[in-house]
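Engineer: structure of the sequence below:
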Amino acid sequence: MSDRLDLNALIGSRICHDLISPIGAIGNGVELLQMDGAARSPEMTLIAESVAQANARIRLFRIAFGSASSGQRIGRPEVVSILTGLTRGGRLELVWNSPQDLARTEVKLALLLLMCLETALSHGGKIVIERSDTRWTLTATAPRMRVDPALWEVLSNPAAPHDITPAQVHFALLREELARQGRKLVAEIRETEIRLGLAV
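Structural biologist: All right, here's what the predicted structure looks like:
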């Protein structure tokens, strides 16, 4: 795997690094207001939930879009904390089963895969992420899915013609990261299930 300079990832890391502190400070401020006896009004609840979602999302972006060297590690509790924040109050259920300690490069790939599956589950559903000794397996299930076959082909065929929108940028980043790490993705797409496999 090449550790050559990746300006896109460095930019992602810088943006997330600069945003995560003020978002966290807002969350702490909301907690202090609530501890001080501030009424749990619908407005305060909305602010608290929105800050928690923003904090989880920026932490996700920091790993998925940021730089990751082969020697960096991430603990399972950190990943589970991010996913718990993402799904609080939403229609999406996420289950993460992995060893306690993982290479950041592996988690980066897994989270980019997760974001691709999330795109297909716009109406909600369940995603199970599992890491065995030899393989990552991600399984998404939902009664209704929104799958763009041309978009998914981008992951397996670098020459596939598709105009990537900002909302789909994780597909392009995943394709680049798979090539960078020398990995090959296996995807099985059915009407109510998508299963992704990636060798360790």
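
Engineer: in the protein, which spans are helices?
Structural biologist: With DSSP state H as the criterion, the chain has helices at 7-35, 42-64, 76-87, 104-120, 149-156, 169-181.

Engineer: of all those helices, which one is nearest Val128?
Structural biologist: helix 104-120 (10.0 Å; Cβ to Cβ). For every residue, glycine as well, the C-beta is placed using N, CA and C.

Engineer: mind checking which helix or strand of the protein has the lowest mean pLDDT?
Structural biologist: Each helix and strand of the chain was given a mean pLDDT (mean pLDDT, DSSP states H and E); the minimum falls on helix 7-35 at a mean of 81.

Engineer: could you list the buried residues of it?
Structural biologist: For helix 7-35, burial by neighbour count (16 or more other Cβ atoms under 10 Å) applies to 9, 12-13, 16, 20, 23, 26-27, 30.

Engineer: and if you look at stretch 79-89?
Structural biologist: 79, 82-83, 85-87.

Engineer: equivalent analysis for stretch 42-54, please.
Structural biologist: So for stretch 42-54, counting by 16+ other Cβ under 10 Å, buried means 47-48, 51-54.

Engineer: got it, and stretch 134-153?
Structural biologist: Across stretch 134-153, burial judged by 16+ other Cβ under 10 Å covers 136, 138-142, 145, 151-152.

Engineer: take those residues and keep only those in strands.
Structural biologist: Judged by DSSP state E, strands contain the following of those: 136, 138-141.

Engineer: and the closest residue to Ile20 other than its chain neighbours, what is it in contact with?
Structural biologist: Among residues not flanking Ile20 along the chain, Ile58 sits closest, at 5.3 Å (Cβ to Cβ, 6 or more residues apart in numbering). Residues counted as contacts of Ile58 (Cβ atoms under 8 Å, 6 or more residues apart in numbering) are 16, 19-20, 23.

Engineer: let's see it at 10 Å
Structural biologist: 15-20, 23-24, 82 (Cβ atoms under 10 Å, 6 or more residues apart in numbering).

Engineer: show me which pair in the residues you listed is furthest apart.
Structural biologist: Asp18 and Ile82 (18.3 Å).

Engineer: give me every residue that touches the residue lying closest to Ile194 once chain neighbours are set aside.
Structural biologist: Distance criterion Cβ to Cβ, 6+ apart; nearest residue to Ile194, sequence neighbours excluded, is Ala140 at 4.5 Å. By Cβ under 10 Å, 6+ apart, the contact list for Ala140 reads 92, 113-114, 116-121, 125-129, 189, 192-196.

Engineer: just the buried residues out of those, in ChimeraX syntax.
Structural biologist: Per 16+ other Cβ under 10 Å, the buried members of these correspond to this ChimeraX selection:
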select :92,113,114,116,117,118,119,120,121,125,127,129,194,195,196
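
Engineer: any idea how far the residue nearest to Ile194 is from Asn55?
Structural biologist: 24 Å (Cβ to Cβ, to the nearest Å).

Engineer: who's in contact with the residue nearest the centre of the chain?
Structural biologist: The structure's the chain has its C-alpha centroid closest to Leu111; by Cα atoms, centre = their mean the separation is 3.6 Å. Taking Cβ under 10 Å, 6+ apart, we find Leu111 in contact with 60-65, 74, 79, 82-83, 129, 170, 174.
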